[in-house]
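Colleague: A predicted structure for the sequence below; I have some questions about it.
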Amino acid sequence: MVATQASTYQIRAVTTPADQDLFLDVPTRVYANDPNWVPPLRSSTAKQFSPSNPFLQYGKLQPFIAVTQGAKGPEAVGRVVAAVNQRLIEREGQQIGLFGFFECIADFAIAQALLDAASDWLRQQGMTAVRGPIDLSTHNSCLWLVDGFDSPPMVMMPYNPAYYPEFAERLGWQKAKDAYAYNFPLDKPLPTEFEKAHRIACKSGVTFRPLRTKGEGFEQDCLSLYRLFTTAFAGNWSSTPRTQEEFLEEAKELQSLVDPDVFPIAEYNGEMIGFFMGLPDYNIPLKQVGGKLNWLGILKFLWYRRQINQGRVIAICSLPEYRRKMVPLALIYLGMSGGIQKGKPYQRAELSWVYEDNFPSCKLIEASGGKIYKTYRIYEKAL
């Protein structure tokens with residue numbers, strides 16, 4: 001045990017079901033008084049550590065917890081996961097390890113001990129550098145918020161106390177890359193260039209339709225989306241392609257949440273060549289659920305989903321050879337138009353996240369009226 005200003009604590013590897021329960025309990029303690037926090041679904045976090053997680057086919061991981069002795073038994077006051085993603089190592093050509101799932105009370109010594117434990121484990125695996133926060137892969141939650149703490153996160157976006165990045169920087173972690181979230185009010189029409197781009201794309205033979213959300217049509221569209229994601233985003237920083245199995249599993253989880261009016265697809269000669277991926281902000285009802293989708297949680301979710309009045313644009317994608325046909329601008333026009341049509345509740349959109357050095361996307365979003373309102377960061381450190 002080690003004594004700190006907050007408590008006496010012990011760092012230990014998660015090895016038992018009881019330890020895993022403590023691991024899953026940490027966020028509730030950290031964010032107990034934070035009105036902007038949206039509890040993640042406990043079952044979704046637990047699933048990441050199941051032996052059936054496809055990540056374990058090409059990676060390995062080790063969770064750690066910081067434990068104190070409370071009045072009713074052991075209590076966890078911090079957690080972290082160290083991970084080795086072999087695909088990322090092969091792609092980048094360096095022994096880069098990852099840390100993620102980090103949560104910690106406002107105690108610098110405990111945060112330091114957790115990050116040290118993750119770093120020590122990664123050294124033992126032969127890693128020479130560590131990067132994070134990345135929850136196993138950038139396709140999962142990653143990044144720490146460093147600016148824009150005054151509002152809740154949108155669906156599938158990270159959130160954290162302001163002291164996380166402060167602690168990391170005190171410990172010598174360096175910025176690896178920043179990413180932005182853009183705020184986009186929907187009370188003004190897009191510049192006329194976007195509608196013109198849609199007309200040009202249509203005249204050049206590109207056709208547009210909503211994503212299909214049911215049956216065989218949904219499955220076919222998901223396979224096409226997987227091929228497009230894998231091709232168009234192959235060069236993304238610190239990222240490796242998901243397996244088809246991983247992608248389709250994620251797609252099925254989102255199937256019932258999709259609004260086809262804000263998820264237009266672009267096709268050329270019957271082949272998908274682009275898409276605009278918008279999602280309603282389901283964090284609004286999830287905030288009321290408390291992290292558990294039991295029968296009461298489901299009832300609360302269905303009740304509060306009626307309050308959704310905003311959405312997140314997760315990706316705008318076009319194969320490079322179709323950009324001259326104005327496909328990206330046309331997709332923005334259709335996606336935003338779908339969100340403001342009569343009967344739709346959306347008052348604003350968030351376009352996120354966009355890396356700071358993705359100049360074409362930043363320029364396009366800013367031209368359409370988006371303004372940066374949150375900044376996120378990934379850190380690195382040599383081991």
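Modeller: Perfect, thanks for sending it. If you're wondering where the values come from, they're calculated on a predicted model, not measured in any experiment.
Colleague: lowest mean pLDDT among the helices and strands of the protein, which one is it?
Modeller: strand 2-3 (a mean of 43; mean pLDDT, DSSP states H and E).
Colleague: ok, then the element right after it?
Modeller: strand 8-13 (DSSP states H and E).
Colleague: check which helices and strands that next one is in contact with.
Modeller: In terms of contacts (3 or more C-beta pairs under 8 Å, 6 or more residues apart in numbering; DSSP states H and E), strand 8-13 is packed against strand 2-3, strand 59-70, helix 108-124. In this view, the C-beta of every residue, glycine as well, is placed from N, C-alpha and C.
Colleague: any idea how far the very next helix or strand once past the second one is from the middle of the chain?
Modeller: It refers to strand 59-70. Later in the chain than strand 59-70, the nearest helix or strand by DSSP H and E is strand 73-85. Remark: strand 73-85 is offset 20 Å from the chain centroid, using C-alpha atoms, centre = their mean, to the nearest Å.
Colleague: now stretch 113-125
Modeller: 24 Å.
Colleague: again, but for stretch 212-231
Modeller: 20 Å.
Colleague: now do stretch 350-368
Modeller: With C-alpha atoms, centre = their mean, you get 16 Å for stretch 350-368.
Colleague: got the contact list for it?
Modeller: With contact meaning C-beta atoms under 8 Å, 6 or more residues apart in numbering, stretch 350-368 is reached by 143, 154, 157, 177-184, 190-191, 193-194, 237, 281, 310-314, 316, 328-329, 332, 336, 370, 374, 376.
Colleague: who's residue 85 bridged to?
Modeller: residue 59 (DSSP bridges).
Colleague: I'd guessed it sits against residue 240; true?
Modeller: Yes: the pair formed by residue 85 and residue 240 meets the contact definition of C-beta atoms under 8 Å, at 6.8 Å.
Colleague: neighbour count for the two, which is higher?
Modeller: In terms of neighbours (other C-beta atoms under 10 Å), residue 85 is the more surrounded of residue 85 and residue 240; the figures are 25 against 20.
Colleague: list the residues that contact residue 141.
Modeller: 100, 133, 135, 156, 158.
Colleague: once you drop chain neighbours, what's closest to the third one?
Modeller: Which is residue 135. The shortest distance from residue 135 to any non-neighbouring residue, by C-beta to C-beta, 6 or more residues apart in numbering, is to residue 100 (3.8 Å).
Colleague: nearest the middle, which residue of the protein would you pick?
Modeller: The residue lying closest to the centre of the chain (C-alpha atoms, centre = their mean) is residue 141, at 3.9 Å.
Colleague: next up, phi/psi of that residue, please.
Modeller: The phi and psi values for residue 141, taken as degrees, to the nearest 10, are phi -70, psi 140.
Colleague: and for residue 96?
Modeller: Torsion angles, degrees, to the nearest 10, at residue 96: phi -100, psi 120.
Colleague: residue 63 versus the closest residue to it other than its chain neighbours, what's the distance?
Modeller: Residue nearest to residue 96 in three dimensions, not counting chain neighbours: residue 129, with 5.1 Å by C-beta to C-beta, 6+ apart. Distance, residue 129 to residue 63, using C-beta to C-beta, to the nearest Å: 20 Å.
Colleague: more neighbours, the two?
Modeller: Neighbour totals were compared for residue 129 and residue 63, and residue 63 leads with 20 against 16 (other C-beta under 10 Å).
Colleague: so who does the nearest residue to the more buried one once chain neighbours are set aside touch?
Modeller: Closest residue in space to residue 63, ignoring its immediate chain neighbours: residue 14 at 3.9 Å, by C-beta to C-beta, 6+ apart. Counting by C-beta under 8 Å, 6+ apart, residue 14 touches 20, 22-23, 62-65.
Colleague: what's the farthest-apart pair in those residues?
Modeller: Greatest spatial distance in the contacts of residue 14: 22 and 62, 15.2 Å, computed using C-beta to C-beta.
Colleague: so for those two, which sits in the more crowded spot?
Modeller: residue 22 (21 against 18).
Colleague: can I assume that one sits in a helix?
Modeller: Yes: under DSSP: H, G, I helix; E, B strand; the rest coil, residue 22 sits within a helix.
Colleague: thought it was touching residue 73?
Modeller: No: using C-beta under 8 Å, residue 22 makes no contact with residue 73, being 9.6 Å away.
Colleague: now do the strands in the stretch 201-350 of the chain.
Modeller: Secondary structure of the stretch 201-350 of the chain (DSSP state E, counting those that start in this stretch): strands at 206-210, 264-268, 271-280, 310-318, 348-355.
Colleague: what strands flank the third one, and is each parallel or antiparallel?
Modeller: Using DSSP bridges, the neighbouring strands of strand 271-280 in the sheet come out as strand 264-268 (antiparallel), strand 310-318 (antiparallel).
Colleague: run the angle between that strand and strand 206-210 for me.
Modeller: For strand 271-280 against strand 206-210, the angle between stretch directions is 40 degrees (axes from the mean of the first three to the mean of the last three C-alpha atoms, to 10 degrees).
Colleague: any idea how far strand 271-280 is from the chain center?
Modeller: Worked out by C-alpha atoms, centre = their mean, strand 271-280 lies 17 Å from the chain centre.
Colleague: that one - what's its average pLDDT?
Modeller: For strand 271-280, the mean pLDDT works out to 95.
Colleague: ok, now the second one?
Modeller: Model confidence over strand 264-268, given as mean pLDDT, is 96.
Colleague: over to stretch 360-370?
Modeller: On average, stretch 360-370 scores 89.
Colleague: what are the buried residues along it?
Modeller: Neighbour counts over stretch 360-370 (16 or more other C-beta atoms under 10 Å) mark 361-362, 364-365, 368-370 as buried.
Colleague: out of those residues, list just those in helices.
Modeller: 361-362, 364-365 (DSSP state H).
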